[in-house]
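Asker: Could you work out the structure for the sequence below:
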Amino acid sequence: MSKDTPESLGFGLPTKPITTKRLTLEERQARMLKAMERGREQNEGIEEAIYRIFKITPNLHRKDWRELIQYLKEAGEPTEKLEAFGKWWYKEDWRGKQGQSPTADQIRTYLPQALDKYEDSTEARKRKYQRWEG
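Answerer: As a prediction, this is how the structure comes out:
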């Protein structure tokens, strides 16, 4: 019996790990400050979008809002996703039709469903028109 090795499966030898330069304390602190500032700007942008679309101020002291903002940051393009969700919420959901704003859990739960229907990205438009042409 032959043993499966990385070489026999078509993989090359493992590469040598890349050595990184050790940072000084000042460089590390500068990176941390830059990362914190970038995160704060992202949070503020998401909070502004939530207020603009739903007229609610997210309470970041609550776990559900913190988790929602983290979920949106990880998903990428959070403001576009929130705008698509806002269109879906006020047009399709019975609570939105009554003028109610969604909770953080409702946004997180129904966001994929809303994106399927109201995604405004150029890729979605291309796919839509390619389906009609083909």
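Asker: Give the burial count for the residue nearest to residue 23 when sequence neighbours are not counted, as a bare number.
Answerer: Once flanking residues are discounted, residue 23 sits nearest to residue 31: 7.3 Å by CB to CB, 6 or more residues apart in numbering. (Glycine included, C-beta is placed from N, CA and C.) Burial of residue 31 is recorded as 11 neighbouring residues (other CB atoms under 10 Å).
Asker: got it, and residue 64?
Answerer: A count of nearby residues for residue 64, using other CB under 10 Å, gives 15.
Asker: OK, contacts around it?
Answerer: Contact criterion CB atoms under 8 Å, 6 or more residues apart in numbering gives 103, 104, 105 as the residues in contact with residue 64.
Asker: Just the ones in strands from these, please.
Answerer: Of the contacts of residue 64, none are assigned to strands by DSSP state E.
Asker: any idea which of these has the most stuff around it?
Answerer: The most crowded member of those, judged by other CB under 10 Å, is residue 104 (20 neighbours).
Asker: Give me the distance between that one and residue 23.
Answerer: 37 Å (CB to CB, to the nearest Å).
Asker: Same question for residue 54.
Answerer: Separation of residue 54 from residue 23 (CB to CB): 42 Å.
Asker: related to what we said a few turns ago, please narrow the contacts of residue 64 to those residing in helices.
Answerer: 104, 105 (DSSP state H).
Asker: how about JSON lines for the contacts of residue 64, with pLDDT added?
Answerer: What follows is the contacts of residue 64, written out as JSON lines (pLDDT from 0 to 100):
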{"residue": "103", "pLDDT": "93"}
{"residue": "104", "pLDDT": "93"}
{"residue": "105", "pLDDT": "92"}
